[in-house]
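coordinates only, no sequence provided:
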């Protein structure tokens, strides 16, 4: 069956903290729903005011456990009144999931009468088994948001923090530096980007003139160290500064793509 390519995007916004990933997500179509685990929605008040975004069109809930997130997403599978859903952030969703597994063991004992879980210096810590729960939660997050994205024509934005990692190849006597998504388990963090059609790596472009401020920007193409990709006719590098990313760059690229000869996919 032929199917027209949808305008709605499934995105991963990644980068170090403070690079306006959430601000750029705010520029996407409203009404919006935010899965807030970073719990810093107040930081969006200024760009909301500057861009004339109606605060009544931006809805959110603060979450402290994975189960509540899953229940909400399952409701959206049935009915979703939003045009954009933002998960802010992947990193803290991993944290609340791991906190949930630790809390579930509190006060519980094994058959031998020993306390379940592990403690270091009296502080409960996660075990390797807990990270399997984190991986399962992320797999469910991807599956649920994919369903919502496809069937309800909703933009999905996953926001993630990254950290640099240096990998050494002794056989080739070489070292490769790359930034990876910060989660408790490394394997699932490597899987998440594979499901995203739009991956934007956020950074800061240093000004040549030291008297001028550096500019906020992002990459839409892989550089070798920082992976990125786009299905849209976007430039390799975008310096967005204080501009709304969607209106100034993404939407024009979508319109440009639609002006090209019709393309259909065969299922």
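Happy to help now that I have it. All figures in this text were calculated on a predicted structure; none of them were measured in a lab. Numbers count the residues shown, from 1 in each chain.

quick check: phi and psi at residue 259.
The phi/psi pair for residue 259 (degrees, to the nearest 10) reads phi -80, psi -20.

any idea of the pLDDT on it?
As predicted, residue 259 sits at a pLDDT of 84.

over to residue 24?
Looking at residue 24, its pLDDT reads 97.

cool, residue 181 as well?
The score at residue 181 is 65. That number is its pLDDT.

with residue 135 instead?
Listed pLDDT for residue 135 reads 85.

tell me how many other residues crowd it.
When neighbours are defined as other Cβ atoms under 10 Å, residue 135 has 19 of them. All C-beta spots, glycine's among them, are computed from the backbone N, C-alpha and C.

and for the one 3 residues further on?
Neighbouring residues of residue 138 were enumerated by other Cβ under 10 Å; the total is 23.

now do the one 10 residues further on
For residue 148, the number of neighbouring residues by other Cβ under 10 Å comes to 22.

which residues does stretch 38-50 contact?
22-23, 26-27, 34, 53, 55, 58, 60, 62, 88-89, 92, 242 (Cβ atoms under 8 Å, 6 or more residues apart in numbering).

confidence-wise, which of those comes last?
Among those, residue 89 carries the lowest pLDDT, at 86.

contacting residues around it?
Residues near residue 89 by Cβ under 8 Å, 6+ apart: 21, 37-38, 158-161.

with residue 104 instead?
No contacts exist for residue 104 under Cβ under 8 Å, 6+ apart.

element containing it, please.
For residue 104, the host element (DSSP states H and E) is helix 90-105.

tell me the one of the contacts of stretch 38-50 nearest residue 148?
Residue 148 lies nearest to residue 34 out of the contacts of stretch 38-50, by Cβ to Cβ, at 14.2 Å.

what about the closest residue to the closest one other than its chain neighbours, how many neighbours?
In space, and not counting its chain neighbours, residue 34 is closest to residue 60: 3.6 Å by Cβ to Cβ, 6 or more residues apart in numbering. When neighbours are counted by other Cβ under 10 Å, residue 60 registers 15.

and residue 60, what are its phi and psi?
phi -160, psi 160.

dump the residue contacts of it.
By Cβ under 8 Å, 6+ apart, residue 60 lies in contact with 33-36, 41.

please tabulate these in JSON lines, including the columns neighbour count, secondary structure and distance to residue 49.
Formatted as JSON lines, the contacts of residue 60 follow (neighbours: other Cβ atoms under 10 Å; DSSP: H, G, I helix; E, B strand; the rest coil; distance: Cβ to Cβ, whole Å):
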{"residue": "33", "neighbour count": "22", "secondary structure": "strand", "distance to residue 49": "20"}
{"residue": "34", "neighbour count": "24", "secondary structure": "strand", "distance to residue 49": "17"}
{"residue": "35", "neighbour count": "24", "secondary structure": "strand", "distance to residue 49": "23"}
{"residue": "36", "neighbour count": "18", "secondary structure": "strand", "distance to residue 49": "19"}
{"residue": "41", "neighbour count": "17", "secondary structure": "helix", "distance to residue 49": "14"}
